[in-house]
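Visitor: Prediction below, plus the sequence it came from.
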Amino acid sequence: MAKNKKATKTAGEKKGLNSISARTLKELYETILRIRRFEEKIIEVYPVQDMKTPVHLCIGEEAIAAGVCIHLRKDDYVFSTHRSHGHSIAKGSDMRRMMAEFYGRKTGCSKGKGGSMHLCDPENGILGSTAIVGGGIPIAVGTALASVMKDVDTVSVAFFGDGAMDEGTFHESMNFASLKKLPVIFLCENNFYATNSPQSARQPHDNIAMRAEGYAMPGIQIDGNDVVAVYEAAKEAVDRARAGGGPSLVECRTYRWKGHVGPDCDVEKGCRPRDEHDIWLKKCPVERTRKLLLENKIMSEKEMEKLLDKINKEMDEAVEFGRSSPFPDASELFEDVYYKG
């Protein structure tokens, strides 16, 4: 029986930074910062009201997508949720096409028909995110099964939140993946809330990683705001899956700063305790990674300022591309839609 592990220390404390190159740490920081600035750009432009899609922001959770996707190849599969922006960016999706999708334009990654919750980028292994809670989990298991049947070493990752634990499909998928020893990573971004329902009101305990033991697979619980911890846990899980060792469950404990949906903060509406929110603000993954790189002399303040300027330019270009792109024609409504007359 696989044993559950609980990481009580950060990966940096356990192994030090010798296991990760300076170049990799810089890449992780750049991805985290790019995701943060992308989300902040949405907040900036959303009040204009020319972006009609609902948006679910991942501010506060950026280290998870960065730490996991850095281990994935282009042909590996990622399945995400309604909160999918960070995963797509970390996997290499074009931010201009993402922004165009949010503006409902035909140059968007889903041709303007999917919006924020249904991002698609098959060339980068993103076959489509879904807003159905837990909906991407069995699909990831399906692509993992296909990899085995085709005798290729591609890996599938299913990102989901703690709310997906309430769905039967999570348990069915875990069981089948373990039974068939499939190359899939179940990656739970546990931010302790399903919409505004706290985990304590829905589940008897908050150790999601512990569920892995019942399905005879490794499970680990880590600090999802510590990019080094995420990097190391994800590497172990991906390497194991690619080598034919089967599935793993990784629980990343984190916190979303904004509301369930929209650019506002639901703390202001009384949906979550303010003191809890303030505690997590101090655990900001951007600032923690920035501090790590500065203290270890991996990047200088000047280099970070230059990087920020570059990323800010990318955001401006993405918004301009999205806003200036044409809308789909009405005649395109039934294109790419399965229909059998």
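Guide: Ah, there it is.
Visitor: When you work out contacts or count neighbours from here on, use the C-alpha atoms and nothing else.
Guide: Will do.
Visitor: Do a quick rundown of the helices in this structure.
Guide: Assignment of helices within the chain using DSSP state H yields the ranges 11-15, 22-45, 62-69, 85-91, 95-102, 136-149, 168-180, 227-242, 274-281, 285-295, 301-324.
Visitor: looking at those helices, which has the lowest confidence?
Guide: Mean pLDDT across the helices of the chain is lowest at helix 11-15; the value there is a mean of 41.
Visitor: Contact partners for the nearest residue to residue 122 once chain neighbours are set aside?
Guide: Of all residues not flanking residue 122 in the chain, residue 128 sits nearest, at 7.8 Å (C-alpha to C-alpha, 6 or more residues apart in numbering). For residue 128, the set of contacting residues under the criterion of C-alpha atoms under 8 Å, 6 or more residues apart in numbering consists of 79, 80, 118, 119, 120, 121, 122.
Visitor: List buried residues within the residues you listed.
Guide: 79, 80, 118, 119, 120, 121 (16 or more other C-alpha atoms under 10 Å).
Visitor: Most widely separated two among those residues?
Guide: Across the buried ones among the contacts of residue 128, the two members that end up farthest from each other (C-alpha to C-alpha) are 80 and 121, 11.7 Å apart.
Visitor: Count the neighbours of the closest residue to residue 104 other than its chain neighbours for me.
Guide: Closest residue in space to residue 104, ignoring its immediate chain neighbours: residue 112 at 4.0 Å, by C-alpha to C-alpha, 6+ apart. For residue 112, the number of neighbouring residues by other C-alpha atoms under 10 Å comes to 23.
Visitor: still on that earlier bit, need the buried ones among the contacts of residue 128 in JSON lines (columns: pLDDT and distance to residue 240).
Guide: As requested, these are exported to JSON lines (pLDDT from 0 to 100; distance: C-alpha to C-alpha, whole Å):
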{"residue": "79", "pLDDT": "98", "distance to residue 240": "19"}
{"residue": "80", "pLDDT": "97", "distance to residue 240": "21"}
{"residue": "118", "pLDDT": "95", "distance to residue 240": "29"}
{"residue": "119", "pLDDT": "96", "distance to residue 240": "28"}
{"residue": "120", "pLDDT": "95", "distance to residue 240": "27"}
{"residue": "121", "pLDDT": "96", "distance to residue 240": "25"}
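Visitor: Save the residues you listed as CSV, and put in distance to residue 329 too.
Guide: Output for the buried ones among the contacts of residue 128, formatted as CSV (distance: C-alpha to C-alpha, whole Å):
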residue, distance to residue 329
79, 29
80, 28
118, 20
119, 20
120, 20
121, 22
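Visitor: quick revisit: among the helices of the chain, which comes closest to residue 159?
Guide: Evaluated with C-alpha to C-alpha, these place helix 136-149 nearest to residue 159, the distance being 7.6 Å.
Visitor: Tell me what angle that closest one forms with helix 168-180.
Guide: Calculated by axes from the mean of the first three to the mean of the last three C-alpha atoms, to 10 degrees, helix 136-149 forms an angle of 20 degrees with helix 168-180.
Visitor: Helix 136-149: which residues count as buried?
Guide: Of all the residues in helix 136-149, those buried under the rule 16+ other C-alpha under 10 Å are 136, 137, 138, 139, 140, 141, 142, 143, 144, 145, 147, 148.
Visitor: so it versus helix 227-242, what angle?
Guide: 40 degrees.
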